[in-house]
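1. One predicted model, sequence on top.
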Amino acid sequence: MTRYDSSFREPPWVMGSPKEVMDWMDASHPSKKDEGKHDYAKQFLKNLHIKFDFDVKRTEIRADGVFSKITGRRRVEEDFELLPTAELILRGLAKAKFRNTAKIVVDKKILYKHPEKKSDLRKTIDGINEFSNEIKNGKNLEITAILTDVEKCTAIFKINKIHSKKEHSVEIQIKGRIRKETYHTFLNYLRGKIGLKEES
């Protein structure tokens with residue numbers, strides 16, 4: 001409530017009812033309870049889809065199929081190894097407090113699938129050599145991990161050695177809500193260890 005054509009909001013007891021007093025107090029001094037709810041929502045990111053490229057050499061692959069030649073879909077192969085990349089991603093997930101490796105897929109072949117296990121990620125890291133031949137010879141890797149925190153989310157990481165020029169070498173999809181802090185812990189680990197650069 002204002003007087004004298006001023007934008008300053010006067011306290012309602014200057015001229016107002018008890019309800020106006022309460023409305024003014026709420027507007028002027030939000031309760032800590034409401035502030036807490038607002039801050040809590042800001043702590044999370046939801047349904048992320050991020051794309052990256054490795055900072056490595058790219059070699060263009062000549063189109064060999066008739067369909068590829070007609071459509072002009074150019075593909076590239078990137079100069080990095082899938083096995084150490086898979087291990088680093090798993091270590092990054094562990095650092096960000098992910099506990100469950102739900103699935104590992106190489107070239108559309110499922111190598112590992114145990115979404116029901118609650119804390120197998122460390123064992124998966126230790127036993128990654130069990131899948132070493134398949135991963136070493138692979139061109140595309142997909143890792144699905146589950147984080148059970150205050151909120152639950154599923155993260156799907158796709159790493160592609162061979163892909164079309166329009167696509168990226170790394171795609172991360174996070175379904176559900178993840179703490180900002182957790183997400184940045186993982187991202188900073190990847191940036192520090194395997195030289196990721198974000199494409200604009």
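-> Great, that's in hand.

2. Around Lys123, how many other residues sit close by?
-> The local packing count at Lys123 equals 12, with neighbours defined by other Cβ atoms under 10 Å. All C-beta spots, glycine's among them, are computed from the backbone N, C-alpha and C.

3. list the contacts for it?
-> For Lys123, the contact set (Cβ atoms under 8 Å, 6 or more residues apart in numbering) is empty.

4. just so I have it, where are all the helices in the protein?
-> 18-28, 32-42, 66-71, 82-95, 121-126, 132-136, 180-194 (DSSP state H).

5. contacting residues around the most centrally placed residue in the chain?
-> The chain has Ile174 as the residue nearest its centroid, 4.6 Å off, counting by Cα atoms, centre = their mean. Residues near Ile174 by Cβ under 8 Å, 6+ apart: Leu45, Asn47, Leu48, His49, Cys153, Thr154, Ala155, Ile156, Tyr183.

6. again, but for Ile128
-> Contacts of Ile128 (Cβ under 8 Å, 6+ apart): Leu83, Ala86, Glu87, Leu90, Ile135.

7. And the pLDDT at the first one?
-> We have a pLDDT of 88 for Leu83.

8. ok, how many other residues are close to it?
-> Leu83 has 19 neighbouring residues, counting by other Cβ under 10 Å.

9. so how far is Leu93 from it?
-> Distance of Leu83 to Leu93, computed by Cβ to Cβ, to the nearest Å: 16 Å.

10. can you list the weak-confidence ranges in the protein?
-> Of all residues in the chain, those with pLDDT under 70 make up the ranges 1-41, 63-72, 195-200.

11. What residues does Leu45 make contact with?
-> Contact partners of Leu45, counting by Cβ under 8 Å, 6+ apart, are Ile174, Arg177, Ile178, Arg179, Lys180, Tyr183.

12. Pull the number of nearby residues for the residue lying closest to Gln173 once chain neighbours are set aside.
-> Leaving aside its chain neighbours, Gln173 sits nearest to Ile156 (4.5 Å; criterion: Cβ to Cβ, 6 or more residues apart in numbering). Taking other Cβ under 10 Å as the criterion, the count of residues near Ile156 is 17.

13. got it, and the one 3 residues further on?
-> Per other Cβ under 10 Å, the neighbour tally for Ile159 reads 26.

14. Dig out what the residue nearest to the centre of the chain forms beta bridges with.
-> Here Ile174 sits in beta bridges with Leu48, Ala155, as judged by DSSP bridges.

15. Stretch 48-61: how far from the chain's middle?
-> 16 Å (Cα atoms, centre = their mean, to the nearest Å).

16. Distance across that stretch, terminal residue to terminal residue?
-> End-to-end distance for stretch 48-61, by Cα to Cα, to the nearest Å: 31 Å.

17. Thanks a lot, catch you later.
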